[in-house]
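Colleague: here is my input; please provide its structure:
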Amino acid sequence: MRSPFFIVVKSSGIFPIDATLDYVIVRHMFRGGSIVGAVFVFRDKKVKDGLMIEMVVWELDAPLSGSSHSFKYRLFCGNLEAGTSLVRYDNERGKGDHRHVADEEQSYWFTSLEVLFADFEKDVREALKK
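Modeller: Predicted coordinates for the structure are as follows:
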C-alpha cells in the first residue's frame with residue numbers, strides 16, 4: 001500500500017512559486033492522461049523571455065523498471081523560440097533515471113525529490129551561464 005506523501009518545495013530564485021510563500025505543500029490526484037495507478041504529486045511551469053521550466057512528478061504504485069523508487073518525473077528547461085532543450089531530467093521504463101544536458105545523456109542517481117530538484121536547478125543555472 002502506498003504511504004501518504006507530501007512534497008515540500010522551497011521557493012527559490014529560479015523556481016519562484018509565489019513571492020509571498022516560503023514553502024508550498026502540494027498533493028493532487030492525477031485525473032486523466034496516460035499514467036494509470038499514479039498519484040499526481042507536483043507540477044510547476046514557468047515561462048519567461050522564451051525560456052520554459054517545467055517540473056512534473058507522480059508517485060506510482062511500484063517503481064518503473066530501471067528505477068529503485070516509486071516516482072515518475074520529468075523536469076525540463078528549454079528555449080521555446082529556438083526549440084531547444086537545455087536540461088532535462090526524467091525516468092522511463094527500462095532506462096531508469098537519467099538527465100540530458102545540452103545533447104549529452106547521463107545516468108542519474110536518484111536519492112530524493114529534494115535532491116533531484118536541487119540538482120536540476122544547479123544544472124539549469126549552469127546551462128543559462130553559457
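Colleague: by mean pLDDT, flag the weakest helix or strand of this structure.
Modeller: Across the helices and strands of the chain, mean pLDDT, DSSP states H and E gives its lowest value to strand 23-26, namely a mean of 32.
Colleague: can you give me the helices in this protein?
Modeller: 113-129 (DSSP state H).
Colleague: could I get the full set of strands for it?
Modeller: In the chain, the strands defined using DSSP state E lie at 7-10, 23-26, 38-48, 51-60, 71-79, 84-92, 96-101, 104-107.
Colleague: can you list the residues that contact the fifth one?
Modeller: With contacts defined as C-beta atoms under 8 Å, 6 or more residues apart in numbering, strand 71-79 is touched by 35, 38, 41, 50-60, 64, 84-91, 110, 113, 116-117, 120, 124, 127. C-beta: built from backbone N, CA, C; applies to glycine.
Colleague: touching, R43 and W58? I think so.
Modeller: No: R43 is beyond contact range of W58, at 9.5 Å (criterion: C-beta atoms under 8 Å).
Colleague: more neighbours, the two?
Modeller: W58 (20 against 14; other C-beta atoms under 10 Å).
Colleague: please name the bridge partners of the more buried one.
Modeller: Residues in a beta bridge with W58, per DSSP bridges, are F40, K72.
Colleague: now it: how far from V41?
Modeller: Noted for W58: a distance of 6 Å to V41, by C-beta to C-beta, to the nearest Å.
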